[in-house]
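Peer 1: Quick one: sequence and predicted model below, then my questions.
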Amino acid sequence: MTTLTAPPRTAPPPARTEKSSANTKWRRRFPLLPALIFTIVVTQLPFVATLVISTLQWNILKPGERHFVGLSNFKFVFTDERLRTAVLNTVVLTASVVLISVVLGLGLAMLLDRRFVGRGLARTMLIAPFLVMPVAAALLWKHAIYNPDYGLLNGTLNAVWRLFGAANGPTIDWVSSYPMPAVVISLVWQWTPFMMLILLAGLQAQPGDVLEAARMDGASALQTFRHITLPHLRQYIELGVLLGTIYVVQTFDAVYTITQGGPGSQTTNLPYEIYLTMFRKYEYGQAAAAGVVVVLGSIVIATFALRTIASLFREEVSR
């Protein structure tokens, strides 16, 4: 008697398996296709149009003289004195706002990391400035605080002077006398809550057993902060600095509302200079070239920010 043996099973052809896997991936990605197309239309097409305009000599006051000039507009961007001043003002404004906001945000985050009565209310009030619209915040500082006639600063100075027997205190035009500090302070008030939130999240992510071990070993609060808390917050600080730089470097509202770039271009940053080139000089090509330079710089900063965020996620997953 003979026994029948079943033939050995064979694996499906690899080509069919790869094809089905590719089809599965496309089925998963297909619902995202409308969002991708919308993003490309809204962001990339205008950027391509800006690149094209940046290669043209185009002044709308001279409509018949539009022509291709290649990279001449970019050469103008890097050699024009007004734009160099705008770049310097942008660096000073961005660095001042970001660094001061990080320091103040760290201090506030450390206070809110402690338990006390009314902590929830205090946290809500400290976050509130970040929720105010930029134009509204700039108007608030310009009229309610900096105004030389009825502003809060001069009113407070006059009240202090009267306490010491003087009839009237000094009347200072803060915006005209200190234009860059006036813009910096208003932006610091708005961006400190943002830094505080990031650093507070970092403080609350600290491992409690490490802090407890440091206390058991007799480490002081300063030593714990210097050797444990600050190294732990390094990446959160980097993230706050990078994200803050991306946003503050594009500041237009505060400069336009409070100082309008003056006096004497002391606060004219790149976004405001691009606005002047576009809507005052009507040089579309030069304005587009300056805008491309700003976008490329923002992309470089954003790349570092994304790497920092990715490293934070990797650390959280490895714990």
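Peer 2: Yes, it's here.
Peer 1: mind listing the helices for the stretch 51-200 of the chain?
Peer 2: Assigned by DSSP state H, counting those that start in this stretch, the stretch 51-200 of the chain shows helices spanning 72-79, 81-112, 119-131, 134-139, 152-163, 174-177, 179-204.
Peer 1: Next: the stretch 201-319 of the chain.
Peer 2: 208-216, 221-224, 230-248, 253-254, 270-279, 284-318.
Peer 1: if we can go back for a sec, deepest-packed of the helices of the stretch 51-200 of the chain, please.
Peer 2: Comparing those by mean neighbour count (mean count of other Cβ atoms under 10 Å), helix 179-204 ranks first with a mean of 21. C-beta: built from backbone N, CA, C; applies to glycine.
Peer 1: Ala109 is nearest to which of the helices of the stretch 201-319 of the chain?
Peer 2: helix 230-248 (8.8 Å; Cβ to Cβ).
Peer 1: Contact partners for the spatially most central residue of the chain?
Peer 2: Central residue of the chain (Cα atoms, centre = their mean): Tyr247, 2.3 Å from the mean position. By Cβ atoms under 8 Å, 6 or more residues apart in numbering, the residues touching Tyr247 are Trp191.
Peer 1: circling back to that earlier point, could you check the helices of the stretch 201-319 of the chain and tell me which one is nearest Pro129?
Peer 2: Among these, helix 253-254 comes nearest to Pro129, with 12.8 Å by Cβ to Cβ.
Peer 1: Which elements pack onto the closest one?
Peer 2: If you count contacts as 3 or more Cβ pairs under 8 Å, 6 or more residues apart in numbering; DSSP states H and E, helix 253-254 packs onto helix 134-139, helix 179-204.
Peer 1: ok, residues contacting that helix?
Peer 2: By Cβ under 8 Å, 6+ apart, helix 253-254 touches 134-135, 137-138, 141, 183, 186-187.
Peer 1: Serialize the residues you listed to CSV and add fields for distance to Gln44.
Peer 2: Converted to CSV, the contacts of helix 253-254 look like this (distance: Cβ to Cβ, whole Å):
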residue, distance to Gln44
Pro134, 26
Val135, 28
Ala137, 31
Ala138, 31
Trp141, 36
Val183, 32
Ser186, 33
Leu187, 30
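Peer 1: quick one, what contacts the closest residue to Gln206 other than its chain neighbours?
Peer 2: With Cβ to Cβ, 6 or more residues apart in numbering as the measure, His232 is the residue that lies nearest to Gln206, at 5.6 Å, once sequence neighbours are left out. Applying Cβ under 8 Å, 6+ apart, we find His232 in contact with 202, 205-206.
Peer 1: Relative to Thr43, which of the contacts of helix 253-254 is nearest.
Peer 2: Closest to Thr43, out of all of the contacts of helix 253-254 and judged by Cβ to Cβ, is Pro134, at 21.1 Å.
Peer 1: Which among the helices and strands packed on helix 253-254 is found nearest to Asn89?
Peer 2: Once the helices and strands packed on helix 253-254 are compared by Cβ to Cβ, helix 179-204 is nearest, at 7.5 Å.
Peer 1: which secondary structure elements does the closest one contact?
Peer 2: helix 81-112, helix 119-131, helix 134-139, helix 230-248, helix 253-254.
Peer 1: how about those helices, which one is nearest Pro148?
Peer 2: Comparing the helices and strands packed on helix 179-204 by Cβ to Cβ, helix 134-139 comes nearest, at 16.0 Å.
Peer 1: which strands and helices sit next to the closest one?
Peer 2: helix 179-204, helix 253-254.
Peer 1: Pro148 is nearest to which of the ones you listed?
Peer 2: Judging these by Cβ to Cβ, what sits closest to Pro148 is helix 179-204, at 11.9 Å.
Peer 1: Check which residues of stretch 275-282 are buried.
Peer 2: Going by neighbour count (16 or more other Cβ atoms under 10 Å), the buried part of stretch 275-282 is 275-278.
Peer 1: actually stretch 140-153, not the one I typed
Peer 2: 140-142, 145-147, 151.
Peer 1: What of stretch 283-301?
Peer 2: For stretch 283-301, by 16+ other Cβ under 10 Å, it's 283-294, 297-298, 301.
Peer 1: Redo the helices and strands packed on helix 134-139 as TSV? Include distance to Pro63 and mean pLDDT.
Peer 2: As requested, these are arranged in TSV below (distance: least, Cβ to Cβ, whole Å; pLDDT from 0 to 100):
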stretch	distance to Pro63	mean pLDDT
helix 179-204	36	94
helix 253-254	32	94
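Peer 1: any chance of the ones you listed in JSON lines, plus distance to Val103?
Peer 2: Shown next, in JSON lines, are the helices and strands packed on helix 134-139 (distance: least, Cβ to Cβ, whole Å):
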{"stretch": "helix 179-204", "distance to Val103": "9"}
{"stretch": "helix 253-254", "distance to Val103": "20"}
